[in-house]
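predicted model follows, preceded by the sequence.
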Amino acid sequence: MSTVGLETAAPPALALSADESEAVRRAARSVARTANGMLDAPEFTAAARAAWERLPVRLRETVRAFRRHSGDTGALLIRGIPVDEEPLPPTPVVSGSVRRRATTPATTLLMTAAGGLGDPAAYAAEKSGALVQDVVPVPGQEEFQGNAGSTPLSFHTENAFHEHRPDFVMLLCLRADHDGTAALRTGSVRQALPALPDRTREILRLPEFSTQPPPSFGTAGGSTPPGPVLCGDADDPDLRVDFDATTGTTPRARMALAELEAAVDAAAHTVRLAPGDLVIVDNRVTTHGRTAFRPRYDGADRWLLRTFAVADLRRSRGHRPGDGYVLSH
């Protein structure tokens, strides 16, 4: 079945009013001094979660509804998050850069939103286990298939290789790229599924696909044992795939994977993020990627913050020493 010209609804967007943005700023300020502003401290995480109830009602209602059912697109755009661009430092240019302190309302808001979605989570092997991470271009890594690159980034569900993948990925823009060409792309299995023949869907449910960990994990992990790409309800399946790192172990699996990639691409949506834009991606059903852009490494390059959230932290208890938020393996 051809997927050319497939028309699908775009992700919903919520634009905060000036009063709502100011309420977000006040809630962030109420948390910022907790534990000396150390984002990864348990006391800070607890305070950020408590601040959820002080966010604007419309924002809380929208995020809670998204958590229950993320819709056809599995993505939500929220505009008007206070960033405070003037005091922002230069965009980082080192590999593995992260945020450790609540230096802007945006960093605190990510932790608060994670509490609204469930709990924050991170991986010790990636970005030193920080709960708030920088997504920035790094010199010499332009072709990197990961957050440090500036080449087109293939569609993927985050950490598809891992047993305990994030349920939600949050990306918040602090700075756009100079030329306005970098764009986030999302592609939902809910919108791609109607384009796939029944036989292809059946193959995607077979244990005939293996996924390598992303380059950002270095040599940690290893490829997954063969498993399915689709699982769960036949009409609303979960998706586990990284089109740059997932391979079919049989000829029919490779053919089905190519059909899925084409369907996801045909149903995809593109958004150029502006400062203060937050996108929440339901990582269980929706892939994300990025268009190419040209960094200048002049301190004003594209800069996003990233935080993962899980709806049920208990599931990964055996991977989290001391019942913290960082998975050790």
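Sure, I can see it.

which parts of the stretch 201-329 of the chain are helices?
Using DSSP state H, counting those that start in this stretch, the helices of the stretch 201-329 of the chain run over residues 251-266.

report the separation between Gly149 and Pro214.
Distance, Gly149 to Pro214, by CB to CB, to the nearest Å: 11 Å. For every residue, glycine as well, the C-beta is placed using N, CA and C.

who has more neighbours out of these two?
Pro214 (22 against 19; other CB atoms under 10 Å).

got the contact list for that one?
126, 145-146, 156, 159, 161, 242, 245 (CB atoms under 8 Å, 6 or more residues apart in numbering).

let's see it at 10 Å
Each residue near Pro214 by CB atoms under 10 Å, 6 or more residues apart in numbering is listed here: 126, 144-147, 156, 158-162, 221, 242, 244-245.

measure the nearest residue to Thr247 once chain neighbours are set aside to Phe161 for me?
Nearest residue to Thr247, sequence neighbours excluded (CB to CB, 6 or more residues apart in numbering): Ser210, at 5.7 Å. Look at Ser210 and Phe161: by CB to CB, they are 9 Å apart.

between these two, which one's more packed in?
A direct count of neighbours by other CB under 10 Å for Ser210 and Phe161 places Phe161 higher, at 20 against 17.

shouldn't the more buried one be within a helix?
No: counting by DSSP: H, G, I helix; E, B strand; the rest coil, one finds Phe161 to be coil, located in no helix.

my guess is it contacts Thr224, does it?
Yes: proximity of Phe161 to Thr224 meets the contact threshold set by CB atoms under 10 Å, at 4.9 Å.

intersection of neighbour lists for those two?
With CB under 10 Å, 6+ apart, Phe161 and Thr224 have common neighbours 210-213, 240, 245-246.

among those, which are in strands?
210-211, 246 (DSSP state E).

with pLDDT as added columns, please give those in a markdown table.
A markdown table is the format used below for these (pLDDT from 0 to 100):
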| residue | pLDDT |
| --- | --- |
| Ser210 | 95 |
| Thr211 | 94 |
| Thr246 | 96 |
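
out of those residues, which comes closest to Ala13?
Taking CB to CB as the measure, Ala13 lies nearest Thr246 of those, at 30.1 Å.

which ones are touching the closest one?
154, 156-157, 160-161, 209-212, 223-224, 227, 229, 240, 253, 257, 260-261.

partner residues bridging it?
With DSSP bridges as the criterion, Thr246 is bridged to Thr211.

quick revisit: out of the shared contacts of Phe161 and Thr224, which is nearest to Leu76?
Arg240 (20.9 Å).

just to check, His329 is in contact with Ala124?
Yes: contact criterion CB under 10 Å: His329 and Ala124 qualify, at 7.5 Å.

how much space separates Leu55 from Leu109?
Leu55 is 8 Å from Leu109, by CB to CB.

when these two are compared, which one has more neighbours?
The residue with more neighbours, out of Leu55 and Leu109, is Leu109; 29 against 21, by other CB under 10 Å.

show me what contacts the more buried one?
24-25, 27-28, 31, 48, 51, 55, 59, 78, 81-83, 102, 170, 172, 278, 305, 307.

likewise for Ala121?
Counted by CB under 10 Å, 6+ apart, Ala121 has contacts 114, 129, 131, 159, 164-168, 307-310, 313, 316, 319-320, 324-327.

one more time with 7 Å
Ala121 is in contact with 166, 308-310, 325, 327, counting by CB atoms under 7 Å, 6 or more residues apart in numbering.

doesn't it lie inside a strand?
Yes: counting by three-state DSSP, Ala121 is part of a strand.

show me where pLDDT drops low in the stretch 101-250 of the chain?
Low-confidence regions of the stretch 101-250 of the chain, defined by pLDDT under 70, span residues 218-223.
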